[in-house]
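In: Pasting a predicted model and its sequence here:
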Amino acid sequence: MPETKGGKLVSLEAARGIASVVVLLHHFQLAFLPGWMRDPFWEGGLRFTPLFPLFNGHAAVAFFFVLSGFVLARSAFRQPSGAALAVAASKRLPRLALPCGLSILAGYLILEAGLAFHAEAAQLAGSRWLHNFGGARLPEGFEPTLSSALLQCLLVFLLPDNFHYNSNLWTMRDEFLGSLLVFALASLALLRPLGERPAFWLVLFPAVALACAGAHPPLAQFALGAALAWAHARWGGGWRVGGPAAACLLALAAAGFATANPHLHT
């Protein structure tokens, strides 16, 4: 299998697919097997067990954020260009908004037509998450309207808890803000000669990641992804991981995914 296909790293696309399956299983569990997330695991849940990584959607989202930071910064560190960065930054919101907006309108149509049946299903499954339309945090007395759905197509990227029509979009605000952080970090590669000095980046990335981890952990995940992109651009051609090292890395990832701690996920 080629390392790249259509400019994308095949291995990372495969990892993205695996993480997507984890998110799918996570949502299925929240809807139909709510008792599985009990804490601690000896009360019947999965946390801190070898099976939990298969259902830990929050850890998979952390992986998505690191991956986004890596992908967004990869070309910028390989071939720094102010014009390319400006184009990428200007395209980011429209590129995210189109699919998100379509899904928001689909959610509006489902609710408006009374086809969700989430409350009835929640009563059968005993799922609080399903009762609230997949954790959408619907306000008291919420009524779906086309105007509020259209407004949410923009606010979902700007304000917290604005994902009433599609709860999966709770990540979009972090995705957008994290993208801006990555572009800001990548723009520093244009500084000469500072951007060419490894010491500058080896100080900057940990400082930014630690500051973000204390303020808002998802932003730290984007910063880490950008740091990996910088390291890959500088030394990536020499990276080779053998079987024992790969097994250790997978075991470490599984251990992090078996917890509910976002810092360990990162």
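Out: Yep, it's here.

In: helices or strands up against the helix or strand encompassing residue 72?
Out: Element membership for residue 72, per DSSP states H and E: helix 57-78. Applying 3 or more C-beta pairs under 8 Å, 6 or more residues apart in numbering; DSSP states H and E, one finds that helix 57-78 contacts helix 10-32, helix 82-112, helix 172-187, helix 217-235, helix 243-257, helix 262-265. C-betas here are computed from N, CA, C, even on glycine.

In: Run a quick neighbour tally on residue 256.
Out: If you count neighbours by other C-beta atoms under 10 Å, residue 256 ends up with 18.

In: hang on, the earlier thing: can you give me the mean pLDDT across the helix holding residue 72?
Out: Averaging pLDDT along helix 57-78 yields 93.

In: can you check stretch 229-247 too?
Out: 80.

In: returning to what we had before: return the distance of the helix holding residue 72 from the chain's centre.
Out: Relative to the chain's own centre, helix 57-78 is displaced by 8 Å; criterion: C-alpha atoms, centre = their mean, to the nearest Å.

In: which phi and psi does residue 115 have?
Out: phi -100, psi 10 (degrees, to the nearest 10).

In: Model confidence at residue 115, what's the number?
Out: pLDDT at residue 115 comes out at 92.

In: ok, residue 60 - contacts?
Out: Neighbour list for residue 60: 19, 20, 22, 23, 26, 257 [criterion: C-beta atoms under 8 Å, 6 or more residues apart in numbering].

In: returning to that earlier point: quickly compare the helices and strands packed on helix 57-78 and say which is most buried.
Out: Among these, helix 217-235 has the highest mean neighbour count (mean count of other C-beta atoms under 10 Å), at a mean of 22.

In: Which neighbouring elements make contact with that one?
Out: If you count contacts as 3+ C-beta pairs under 8 Å, 6+ apart, helix 217-235 packs onto helix 57-78, helix 172-187, helix 198-215, helix 262-265.

In: what about the stretch 101-250 of the chain, any weak spots by pLDDT?
Out: 237-239 (pLDDT under 70).

In: and of the helices and strands packed on helix 217-235, who's closest to residue 10?
Out: helix 57-78 (13.1 Å; C-beta to C-beta).

In: Any buried residues in that closest one, and which?
Out: 57, 59-77 (16 or more other C-beta atoms under 10 Å).

In: and what of stretch 153-166?
Out: Those would be 153, 156, 157, 162, 163, 164, 165, 166, for stretch 153-166 by 16+ other C-beta under 10 Å.

In: Quick one: these as CSV, columns for secondary structure and distance to residue 241 too.
Out: Below are the buried residues of stretch 153-166 laid out as CSV (DSSP: H, G, I helix; E, B strand; the rest coil; distance: C-beta to C-beta, whole Å):
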residue, secondary structure, distance to residue 241
153, helix, 42
156, coil, 38
157, coil, 36
162, coil, 41
163, coil, 37
164, coil, 43
165, coil, 42
166, coil, 37
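
In: if we can go back for a sec, just so I know, which of the helices and strands packed on helix 217-235 lies nearest residue 15?
Out: Across the helices and strands packed on helix 217-235, closest to residue 15 is helix 57-78 (C-beta to C-beta), at 7.3 Å.

In: Need the CA coordinates for that closest one. CSV is fine.
Out: Extracted as CSV, the C-alpha positions of helix 57-78 are listed here (Å, rounded to 0.1, in the frame of the first residue of the first chain):
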residue,chain,number,x,y,z
GLY,A,57,-15.7,8.3,22.2
HIS,A,58,-14.1,11.2,24.1
ALA,A,59,-10.7,9.8,23.7
ALA,A,60,-11.4,9.2,20.0
VAL,A,61,-12.4,12.9,19.7
ALA,A,62,-9.1,13.9,21.3
PHE,A,63,-7.3,11.8,18.6
PHE,A,64,-9.3,13.6,15.9
PHE,A,65,-8.2,17.0,17.3
VAL,A,66,-4.5,15.9,17.4
LEU,A,67,-4.9,14.6,13.9
SER,A,68,-6.5,17.8,12.7
GLY,A,69,-3.6,19.8,14.1
PHE,A,70,-1.1,17.6,12.3
VAL,A,71,-2.9,17.6,9.0
LEU,A,72,-3.5,21.4,9.0
ALA,A,73,0.1,22.2,9.9
ARG,A,74,1.9,19.5,7.8
SER,A,75,2.1,21.3,4.5
ALA,A,76,2.8,24.7,6.2
PHE,A,77,5.9,23.3,8.0
ARG,A,78,7.1,21.4,4.9
